[in-house]
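> predicted structure and sequence below. I'll ask about it afterward.
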Amino acid sequence: MRRLVRFVACGLVLASAIAGCGDASRDFSPTVLTHGPAPTGTPIKIGLIYTATGGFEVFRPAKTVADGWADWINLEQGGVNGHPVEIVAIDDKGSGDAATAAGRQLVEQDKVQAVIYESPVAGALLTPYFEQNGIPVIGGNSADLEVTKTGEGVFAASTQGLVSRIGPMLVSQAVGLKSIAEVVCSETPSCELVGEEMRQQAARAGVEYLGTVKVGEADPSLIGPCLQLAEWNPETLGLSTSITLAKRLIPECRLQGYQGKYIVYSHTANDVDIPKLRVEPVLLQVSGFPWWADAEPVAQFRDVLHRYTGDVTLGVTATTTWTALELFRKAMSTGPAAEVPVQALDVLASFKRIKNETLDGLLSQPVDFTGSAPYASMNCFWVAQYSNHKYTVIPPRGDSGNGATGDLASTCYQPQ
């Protein structure tokens, strides 16, 4: 699980030689086009708790993206302020017990200076523990509302909390649809809360909320839920489920008479699974930047991952992992110089200097961490659709939430 990127393990070598050392589990040989100055400082360790098994494989790309980013930073960018970066990634398997053990390992054994979540369970369980130990949470994808209620050590910069929970309803609002129902997973606590959040916010958004049905991965039949949805007949149906379950649900609900549109919950959106739903158009609430955009920072994201990881699934997990790491690089540009070891308190202080930052449109709205409670719930996101075998961003009806134009222009929640 502990991985010191190949620059540290092998030194400055040609790309053809890199494949022969370091992480034996990765047989991809990266294409290094240029070399930056060699990092000379002590490593900065970033913990990554992600889910690669247990029905939530959508989070699997997080480790690949983090590893590729770290290789690029260490081999081409001279590290972060002269410090090489070490990614310590642990798969929590979607299990609360495994997530708790992962958190303790990162703090007590690995001595990380920061942590990122890409997990459906880690946020609520571990955020208080990391705060007690002075370890900042610097982003990722965690839909649990409890993450947003903590203060001093949480610097999330993707759409989480309220907007993440009610994203399908907000997409309906953004594209002018007036009624919605929701399908939620029955396996995790965060799914259970979606329906209640939707009911509370529907009237404010001007969208009629018709109800919630719960389904589980192990349910032998989905006929009952689909009959209920066909009876309600909403214009849009939000899918707060795994993509595996969505692939079973959509054809069954068609058979039972539901003919409306589908909205895919943010963290399940990616370039591999959406086409497998075999329904168009699919509406998307995207909390990480649109991975298909032509904008220069997105093109760089794709180029780096292509050169350092080979084949990785692009989607919200990939983009939220990338933005967390790029915001870390931005914050630490004002941190300790190479000759000074970096402590968790240095990361905390550096993030608290971040103000009005959008990472050139990679964030859905400007983030400001200078206040006493640095986390401010994100209320902007990207509305998109998959149709005719391609993804497109639906432009905001008003001002862009992040000030960007074109594919990176974001939409914000506008309660009525």
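Arrived safely.

> against Gly123, how distant is the closest residue to Gln113 other than its chain neighbours?
Distances taken as CB to CB, 6 or more residues apart in numbering put Ala344 closest to Gln113, at 4.7 Å, once the chain neighbours are dropped. Any C-beta I mention is one placed from the backbone N, CA and C, and that applies to glycine too. Going from Ala344 to Gly123 by CB to CB, to the nearest Å gives 18 Å.

> which of these two has more neighbours?
Taking other CB atoms under 10 Å, Ala344 and Gly123 do not tie; Gly123 has more neighbours (26 against 20).

> wait, Lys352 sits on Thr370?
Yes. Between Lys352 and Thr370 there is a contact under CB atoms under 8 Å: 6.1 Å.

> could I get the contacting residues of Val282?
Val282 makes contacts with 261-264, 274, 385-387, as judged by CB atoms under 8 Å, 6 or more residues apart in numbering.

> and it, what are its bridge partners?
On the basis of DSSP bridges, Val282 is bridged to Tyr262, Tyr386.

> circling back to that earlier point, go ahead and confirm the residue nearest to Gln113 touches Val107.
No. Counting by CB under 8 Å, no contact exists between Ala344 and Val107, whose distance comes to 9.4 Å.

> identify the contacts common to the two.
Taking CB under 8 Å, 6+ apart as the criterion, Ala344 and Val107 both touch 133, 135.

> any low-confidence regions in the stretch 151-300 of the chain?
For the stretch 151-300 of the chain, the stretches with pLDDT under 70 are 151, 159-166, 187-196, 266-267.

> do a quick rundown of the helices in it.
Using DSSP state H, counting those that start in this stretch, the helices of the stretch 151-300 of the chain run over residues 161-165, 167-175, 189-192, 194-205, 223-232, 243-255, 273-276, 296-309.

> which neighbouring elements make contact with whichever helix or strand comes after the last one?
Moving toward the C-terminus from helix 296-309, the first helix or strand encountered (DSSP states H and E) is helix 316-332. Using 3 or more CB pairs under 8 Å, 6 or more residues apart in numbering; DSSP states H and E as the contact criterion, the elements in contact with helix 316-332 are strand 44-50, helix 61-76, strand 114-118, strand 137-141, helix 296-309, helix 344-351.

> CA atoms of the first one as CSV?
Coordinates of each C-alpha in strand 44-50 appear next as CSV, following Å, rounded to 0.1, in the frame of the first residue of the first chain:
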residue,chain,number,x,y,z
ILE,A,44,5.5,14.7,1.6
LYS,A,45,3.1,11.8,2.3
ILE,A,46,-0.5,12.1,1.2
GLY,A,47,-2.9,9.4,2.4
LEU,A,48,-5.6,8.2,0.0
ILE,A,49,-8.5,6.1,1.3
TYR,A,50,-10.4,4.8,-1.7
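
> would you mark the buried spots in it?
Of all the residues in strand 44-50, those buried under the rule 16 or more other CB atoms under 10 Å are 44-50.

> pairing partners for that strand, with directions?
Going by DSSP bridges, the partners of strand 44-50 are strand 85-91 (parallel), strand 114-118 (parallel).

> closest one to Ile135 among the ones you listed?
strand 114-118 (5.7 Å; CB to CB).
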